[in-house]
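[1] test case, fold it:
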Amino acid sequence: MLATQQLAAVRTAQAQTRVPLAQAGAKLEELYVHGRKVLVHVPSGYDSTRVLPLVLGLHGGGGHAELMADDNRYGWLRQADQGGFIVAFPNGASRLPGGRLATWNAGGCCGYARDQNLDDVAFLRAVVAELRGRYRIDSARVFAAGMSNGGMMAHRLACDAADLFRAVASVAGTDASAGCQPSRPIPVLHIHARDDDHVLYAGGAGPAAFRDRRSVMEFVSVPDTIARWVQRDQCQNRPVRVLEVAGGWCEAYRDCSAGSSVELCVTQTGGHSWPGSRAGQGSQAFDATELIWRFFSAQSAPPSAAETRPVNTGR
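    Residues are numbered from 1 along each chain as shown. Have a look, this model is predicted:
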């Protein structure tokens, strides 16, 4: 861990910087918030006079921002270009100077971030504030989606930052919050494979969860995670099947308080992976990134009148 003086020097030198990065023909911009790297992709044809939605893509435990920005693995860059939104990839907390092997403090999990009791909710609030200062972002359409420990962090944002995030989505990461009292009903989408060998569908940590078992927890099951959100969002009726394909399905609770919804999508196979990924052995029953953006779009409120006024941002 960097000493306080070293960290202050890093923040001073790196704050407000943008370094274009090339990946798969798309540009990523690099900036630093509280000393941590954030990679940003603006959609092709970006018009600084229009407000756009923002999605935070949160990497898994032991990952890093560049990994989540890999389009072969997660597809967020092409989805942002198709959907017309800004996507940002913050780096979790790491004891390593390069930010690799990073984790998020999602409550009961995981690793370094949890053990240091880091306030990752405050960090991600600061990321959104920094991005709103740089780009035209619609404050009514700010979302978070994550993989594994990043998905657990998305659940925690729904608990602790529902005033900022319109909706969240998690892939392969169940609710790890110690206590959850959202400020409002919030739409939640959860995606999970039945044969996940890290975060077990029926609860508990699988054999491949983490080399050091002390870095994780006995994970909450998928059914219990959904039941928690059904209760928090005060959903009244039984779920309805909204998608059924070979190897997967989705069901949704739509009669929830304040127009919120809770949705669960399940693949029969794929293990601990991102469905639709072009890398690895993940399920191809559906494209998780596409489903998540469709879910976010359905929850979107129109931009406010103030945010639709053209401004000169210098971009």
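[2] which residues does the top helix by length along the chain contact?
    Identified as the longest helix of the chain according to DSSP state H is helix 120-134. The contact list for helix 120-134 (Cβ atoms under 8 Å, 6 or more residues apart in numbering) reads 31, 33-34, 36, 38, 40, 54, 56, 86, 88, 90, 92-93, 104-106, 113, 137, 139, 142, 144, 153, 156-157, 160-161, 164, 315. In this view, the C-beta of every residue, glycine as well, is placed from N, C-alpha and C.
[3] which of those residues count as buried?
    Among the contacts of helix 120-134, those buried by neighbour count (16 or more other Cβ atoms under 10 Å) are 31, 33-34, 36, 38, 40, 54, 56, 86, 88, 90, 92-93, 104-106, 113, 137, 139, 142, 144, 153, 156-157, 160-161, 164.
[4] from the residues you listed, which ones fall inside strands?
    31, 33, 36, 38, 40, 54, 56, 86, 88, 90, 137, 139, 142, 144 (DSSP state E).
[5] re the thing from before, so for the longest helix of the chain, mean pLDDT?
    Helix 120-134 shows a mean pLDDT of 98 in the predicted model.
[6] for stretch 65-82, same thing?
    For stretch 65-82, mean pLDDT is 97.
[7] and the contacts of that stretch?
    For stretch 65-82, contacts defined as Cβ under 8 Å, 6+ apart pick out 23-24, 26, 28, 37-39, 41-44, 55, 57-60, 86-87, 89-91, 99, 147, 150, 274, 276-280, 287, 289-290, 293.
[8] buried set for that stretch?
    Neighbour count says stretch 65-82 has 65-71, 73-81 buried, by 16+ other Cβ under 10 Å.
[9] again, but for stretch 229-241
    Those would be 229-230, 232-233, 235, 239, for stretch 229-241 by 16+ other Cβ under 10 Å.
[10] quick one: average confidence on it?
    What stretch 229-241 shows for mean pLDDT is 96.
[11] run the chain-centre distance for it.
    Centre-to-centre, stretch 229-241 and its host chain are 22 Å apart (Cα atoms, centre = their mean, to the nearest Å).
[12] distance between the ends of it?
    End-to-end distance for stretch 229-241: 18 Å, by Cα to Cα, to the nearest Å.
[13] residue contacts, Pro223?
    Ala202.
[14] many thanks, we can stop here.
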